[in-house]
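Got a sequence here, can you model it:
(chains A, B and C)
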Amino acid sequence: MKWFDYAAPVSVGEAVGLLTAHPSARLLAGGTDLLVQLRAGRKETDLVVDAKRIPALNVLDYAPAGGLTLGSAVPCYRIYRDEAVARAYPALAEVASLIGGTQIQGRASIGGNLCNAAPSADSVPLLIALGATCRVVGPRGSREVAVEDFCTAPGRTVLQPGELLVSLHLPPPAPHSGARYLRFIPRNEMDIAVAGAGVEVILENGRFRSARVALAAVAPTPLYVREAGEALTGSPVDEGSIAAAAEIARKSARPITDMRGTADYRSHLCAVLTRRALEAAVARARERN
Amino acid sequence: MKAQEYTVVGTRPIRHDGADKVTGRALYGADFQMAGMLYGYILRSPHAHARIRRIDTSKAEQFPGVKAVVTADDFPEVADRMVDLGEGDTPLSYARGNVLAKGKALYKGHALAAVAATSVHVAEEAAGLIEVDYEVLPCVLTAPEAMRDNAPIVHDDLTTKEFGEQTGRVSNVAEHFRYAMGDIEAGFAQADVIVEREFHTATVHQGYIEPHNATALWNNDGRILVWCSTQGSFVVRDVTACLLDVPVSRVRVTPMEIGGGFGGKIPVYLEPVAALLSKKTGKPVKIVMSRKDVFEGSGPTPGSYIKVKIGARKDGRITAAQGYLAYEAGAYPGAMVAPGAMCIFAAYDISNVVIDGFDVVLNKPSTAAYRAPGATNAAFAAESVVDEIAEKLGMDPLDFRLKNAAKEGTRRADGPKYRRVGCVEVIEAMKDHPHYSAPLGGPHRGRGVAIGFWFNVGMPSSCTISVSADGTVNLVEGSTDIGGTRTSIAMQAAEVLGITAEAVRPTVVDTDSVGFTAVTGGSRTTFATGWAAYEAAQDVLRQMKERAAKIWEAEAASVVVERGVFRSGDKSMTFQELAGRLDQTGGPVVGRGAVNPRGVGGSFSGCIADVEVDPETGKVTILRFTSVQDAGKAIHPSYVEGQMQGGSVQGIGWALNEEYYMSDAGSMMNSSLLDYRMPTALDLPMIDTAIVEVPNPGHPFGARGVGEANIIPPPGAIANAIYRAAGVRMNRLPMNPPAIMQAIWSQRD
Amino acid sequence: MHAKVRVQSTINGEPQEFLCEPRQSLLECLRDILGLTGTKEGCNDGNCGACTVLLDGRVVTSCLVLGVEAEGCEITTVEGLAKGNELHPLQRSFLENAALQCGICTPGFLVAAKALLDQQPNPSEDEIRLWLANNLCRCTGYDKIIRAVKQAAIEMQEVNT
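Reported below is the predicted structural model:
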């Protein structure tokens, strides 16, 4: 790696200032993507800006009325070790525990996973399904972005020069709601998803009151499959509705063939994973009163 | 020594290097430090096949912090000649060529130049400033493609040797050989059922966790001192000396602790380069490979294309077997195809056999040995076909193998006849094991078995033992310790001397300090270096008997020693007591042993694998796994179990997920441990082991090498299990989820 | 000219100060600057776990931590497991169970396993395997490592009761 400098700002404003003054500066949270990319020459920088001393980026704050504020630098392990958060958002805790392995989870953050904007990002389909929003701050102030709009291309996001993702916000879990993210990997841990499906369902009187479905690793960005959720809305909670939604998911996928899987295989997995994730989410929704 | 109740052999002492290894004090090659040390970085070809028109190192040389840059032109000029570097004759230009390319880059990752600088970061940056003018050439990436008439030629001067004779034909086939016995056509004519299948296996890597490393100092007195992690310090010495055109005596290699090798740390990559950089800078230079370099610039094991045809009678007797093995050597000839051909049908007593082997060069890294090199590929093929035949005949797969099992006197197609071997015993132990009759317990599950053979090697080893006054001994040997061999060697000496394993202090020393010792590999270390220790210990006893005779004023011939007690008539003395009196009786006692043992015993291994296949994703879960192996005599049972478990898990990875995923341009797309998927702890169950002991008549303790045979059967067993679980017979490795899914879909259509 | 950065942290209970370039990983700093070579490099991208250390009580792969990020942190490496001459129960258990062959992965496993037993004194086999999935071993097939961790857990619980 070429030489870079290091700064550890203690406020969002200070960070924005640094990022604005150094156009090729990079924000460092867990480093589990950035350092790998810098070493491989896939990214370059002259200044690494450490996010971990900025309080707003390290907030993990849950309240039943307000929902969850998840600072963008909060490492995964804090999510699943926080009893209240894990109880309110079990699917999020699961996602935090399947990114990498124990050591990676000690450092990697959900916010970083989102900003890295890999098509296979494990956290994003679930964030989409849960209706998360992103609080972005930059030289021109602060704005909200729906998480499904955040990634624009492989490795690219809506962040403009000088902007950073400060935190994510998740609405409070609704009664009779359940969520689940399932991915397929060839081993049991450590792998990048070959395909993934994140879903949230809200049930009412034996029907889907609403549902959201999103996919990983089968499009240039995490893919929000709006039509699958719309098809489920109002449908009875049964095999047929779930299968229909899974088929919509499969058809909407635009996977490629690469070293992690063939296009056909990934499309097929979309249907399998969407179906299985919906079944699991329904079971969870039924448990949650 | 006769088979009897041993005192030390067969027990499980704590390894002598244990405290250092669990506290982080043990020094591996990359841990080595020396004052003034510089750091090297190697520039590697981005192209799989290219002519190197020009290398301009001037900008790199001027980069601040850079002290020297070298290319192949820095090797001393000598006429090309054939050299024997431990694996048969090879041109010196080939041996040098893989270390630093000259004229052509033959694979992506091929080393071209190296920079020495004050830090590895500086060296890496500077290497980026070396300008290379390439003429990119078409590349060839599989054996069948490389064997075609119009294939791109990798070496203009490589001609095919066929059946032992030079044909003079320029091609990518370095050698075509054949093993044959009996009458193959008559054999197939007698068969009631014949199965003929084709198989492909992908390139896989040994996957040692420690990357290659070396530090070299071209000293002011002209000696070249090397510290490195290697399986063979004498190989490093000889190859480095040969490539640098200096006498062997000028090079001293100090083996550091080694973090895994499995055959991949026998070839020499970094030492000559570090030495050249040291010569130019006058400083020690350390080079450590990155993980990417390890994948792209060291020696994976050959991918292969294999055809197997086996015929059998209704009663289950195999009447004929034919094999065709085309192995990818990588950029330079020397694929381990002959060992594959030796082992492919080696577990069976078959009268009519023909095996054709092809050593094929192509534009991939030059391959190296990987634990029973060549045999795992071959067994995947043979054991799948055997399984199919047994099924067609309605026979239990182990009974079918028993019916045809190799025994003492069975001849192999490559020539040798077996002495006493344990093939039958291994199969019977598999049958008797509770795993074989346990219920599978669910749908989509299947059980598969396979067996395999590895011949093991002898080769030279040396050892000296010196006796301390307190009755302990120092044991000096030259076999780098990858798995606990310094202890298994010490145990054999202890057994002879009648002292405890703890009373022996084994040290692995440099090439100046011990007699020639061949590589730690070939399942030879406990066997051969243990034998050298055995001989050294016998020498010690001989000398000490004379000392006892002196003390007792008796005839030397009247002194006997058993389990550490010397006796003559009614007089006796323990080893410890006598050790305290050596100074007065003539001085120190130093025993030596130097062997090149002939009594090598091959090892049979088998495994039982239970799998579950998810019919919707093709993912295979290993539910239960049992490894069985004939160890002859397990010197240290925990270490034998460890070899069986480790080899089994490498075989599982080879079977399920490991492969070099190559782009059409010859680039390995998955050159990281993220996407080169080796099994993690979460991917496996416990690996049960059953050690069979059919003593090797050729070894003092009956030991057979155990390191290798255990990696051979797992891919075949898992393929056979997948067939029973999912109804598909896989003919490619790895059997990864997309491949299995595709096989399930193809079958449905 | 680029200036190095001064870092102050506590390593194995002792205050340590070192100078490093921002691009140097904590792994490099431990090994090449502080001479603590017990922590090993296997891949330099977080996939093998050979470089595992404890950073403020969390298991992390030190190859993916910059040395400068260690400012003010508490770090435990394999060199900090033994108490003087006395090996940690895990270290003893690894030796007794032959849970190492080449030993290169052992420091990483020991640190990771220690962190597990510190927070979960009685883990099941599955929990041990999940926790250690980020640590690769190529020699042992993990069987004896799992057994060693279980034995150490039992021993440590007995000491505490």
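
Return the residues in contact with the closest residue to B:Thr485 other than its chain neighbours.
Excluding the flanking residues, the one nearest B:Thr485 by CB to CB, 6 or more residues apart in numbering or on different chains is B:Thr525, at 4.3 Å. Backbone N, C-alpha and C define where each C-beta goes, glycine included. Listed by CB atoms under 8 Å, 6 or more residues apart in numbering or on different chains, the contact partners of B:Thr525 are B:Ser461, B:Ser479, B:Thr485, B:Ser488, B:Ile489, B:Gly705, B:Gly707.

pLDDT at the closest residue to chain A within chain C, what is it?
Using CB to the nearest CB, the closest approach of chain C to chain A is made by C:Asn134 at 2.7 Å. With respect to pLDDT, C:Asn134 has a value of 97.

With B:Met1 instead?
46.

Give me the nearest residue to B:Pro247, chain neighbours excluded.
In space, B:Pro247 is closest to B:Ala241, 6.5 Å off (CB to CB, 6+ apart).

Now do the same contact list for the residue nearest the centre of chain C.
Most central in chain C under CA atoms, centre = their mean is C:Val111, positioned 3.1 Å from the mean C-alpha point. Contacts were defined as CB under 8 Å, 6+ apart; by that measure C:Val111 touches C:Thr52, C:Val53, C:Leu54, C:Val59, C:Thr76, C:Thr77, C:Val78, C:Leu81.

May I ask you to confirm that it belongs to a helix?
Yes. Counting by DSSP: H, G, I helix; E, B strand; the rest coil, C:Val111 is found in a helix.

Quick check: buried residues in stretch B:578-588?
Within stretch B:578-588, the residues that count as buried by 16 or more other CB atoms under 10 Å in any protein chain shown are B:Leu578, B:Ala579, B:Gly580, B:Leu582, B:Thr585.

Select from these every entry located in helices.
B:Leu578, B:Ala579 (DSSP state H).

Same list, the buried residues of stretch B:578-588, but as CSV with distance to chain A and pLDDT please.
Below are those laid out as CSV (distance: CB to the nearest CB, whole Å; pLDDT from 0 to 100):
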residue, distance to chain A, pLDDT
B:Leu578, 54, 97
B:Ala579, 50, 97
B:Gly580, 53, 97
B:Leu582, 54, 96
B:Thr585, 60, 95
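
Between the buried residues of stretch B:578-588, which sits nearest A:Ala219?
B:Ala579 (76.1 Å; CB to CB).

mind listing what the residue in the stretch 151-289 of chain A that chain C sits nearest to touches?
Residue nearest to chain C within the stretch 151-289 of chain A (CB to the nearest CB): A:Glu189, separated by 3.9 Å. When contacts are counted by CB under 8 Å, 6+ apart, A:Glu189 touches A:Leu98, A:Gly100, A:Gly101, B:Thr680, B:Leu682, B:Asp683, C:Leu130, C:Ala133, C:Asn134.

and the fifth one, how many residues sit next to it?
The burial count assigned to B:Leu682 is 19, neighbours taken as other CB atoms under 10 Å in any protein chain shown.

Could you report the distance from B:Arg371 to B:Ser605?
Per CB to CB, to the nearest Å, B:Arg371 is found 11 Å from B:Ser605.

joint contacts of these two?
Counting by CB under 8 Å, 6+ apart, the residues touching both B:Arg371 and B:Ser605 are B:Gly647.

Who has more neighbours out of those two?
Each of B:Arg371 and B:Ser605 has its neighbours counted (other CB under 10 Å); B:Ser605 has more, 34 against 28.

Pull out the buried residues from stretch B:348-356.
Using 16+ other CB under 10 Å as the test for burial, stretch B:348-356 gives B:Tyr348, B:Asp349, B:Ile350, B:Ser351, B:Asn352, B:Val353, B:Val354, B:Ile355, B:Asp356.

now stretch B:385-395
B:Val385, B:Val386, B:Asp387, B:Glu388, B:Ile389, B:Ala390, B:Glu391, B:Leu393, B:Met395.

Report the contact partners of the last one.
Listed by CB under 8 Å, 6+ apart, the contact partners of B:Met395 are B:Gly316, B:Lys403.

can you tell me how far it sits from A:Ala283?
Where A:Ala283 is concerned, B:Met395 sits at a distance of 46 Å (CB to CB).

again with B:Thr529
From B:Thr529 to A:Ala283 the distance is 60 Å (CB to CB).

So those two - more neighbours on which side?
Shown here are B:Thr529 and A:Ala283; by other CB under 10 Å, B:Thr529 has more neighbours (32 against 12).

How about the secondary structure of the more buried one?
B:Thr529 ends up helix, using three-state DSSP.

you'd agree it is up against B:Glu477?
Yes. In terms of CB atoms under 8 Å, B:Thr529 counts as a neighbour of B:Glu477; the distance is 5.5 Å.

and A:Leu126, what helix or strand is that in?
helix A:124-129 (DSSP states H and E).

Which residue ranges make up each domain of chain C?
With automatic domain parsing as the criterion, the domains of chain C are listed as C:5-80, C:89-160.

end-to-end on the last one?
Domain C:89-160 has its terminal residues 12 Å apart, counting by CA to CA, to the nearest Å.

so how many other residues sit close to residue 35?
Let's take chain A. Count around A:Leu35 with other CB under 10 Å applied: 26.

Please refer instead to chain C.
Around C:Gly35 there are 11 residues (other CB under 10 Å).

nearest spatial neighbour of it, skipping sequence neighbours?
Excluding the flanking residues, the one nearest C:Gly35 by CB to CB, 6+ apart is B:Gln33, at 7.5 Å.

The one you found - how many residues pack around it?
Counted with other CB under 10 Å, B:Gln33 comes out at 15.

How about C:Glu158?
9.

just A:Cys115 next, same as before
23.

same thing with the one 3 residues further on?
Taking other CB under 10 Å as the neighbour definition, A:Ala118 ends up with a count of 19.

swap in A:Pro23?
A:Pro23 has 10 neighbours, counted by other CB under 10 Å.

now swap in the one 3 residues further on and tell me
The criterion is other CB under 10 Å. On that basis, A:Arg26 has 19 neighbouring residues.

For the closest residue to chain C within chain B, give me the pLDDT.
In chain B, the residue that lies nearest chain C is B:Gly24 (1.8 Å; CB to the nearest CB). B:Gly24 carries a pLDDT score of 98 in this model.

leaving aside the residues next to it on the chain, what's closest to it?
Nearest to B:Gly24 is C:Gly38, by CB to CB, 6+ apart, at 1.8 Å.

Show me which residues of chain A are close to chain B?
Residues of chain A lying close to chain B (CB under 8 Å from any CB of the partner chain) are A:1-3, A:101, A:184, A:186-192, A:194, A:258-262, A:264-265, A:268-269, A:272.

follow-up on the earlier one: save the domains of chain C as a markdown table, and put in distance to B:Val193 too.
Shown next, in a markdown table, are the domains of chain C (distance: least, CB to CB, whole Å):
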| stretch | distance to B:Val193 |
| --- | --- |
| domain C:5-80 | 47 |
| domain C:89-160 | 36 |
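
Let me have the buried residues of stretch B:385-395 in a markdown table, extended by secondary structure, distance to A:Leu47 and pLDDT.
Formatted as a markdown table, the buried residues of stretch B:385-395 follow (DSSP: H, G, I helix; E, B strand; the rest coil; distance: CB to CB, whole Å; pLDDT from 0 to 100):
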| residue | secondary structure | distance to A:Leu47 | pLDDT |
| --- | --- | --- | --- |
| B:Val385 | helix | 61 | 98 |
| B:Val386 | helix | 63 | 98 |
| B:Asp387 | helix | 60 | 98 |
| B:Glu388 | helix | 62 | 98 |
| B:Ile389 | helix | 67 | 98 |
| B:Ala390 | helix | 66 | 98 |
| B:Glu391 | helix | 65 | 98 |
| B:Leu393 | coil | 71 | 98 |
| B:Met395 | coil | 70 | 98 |
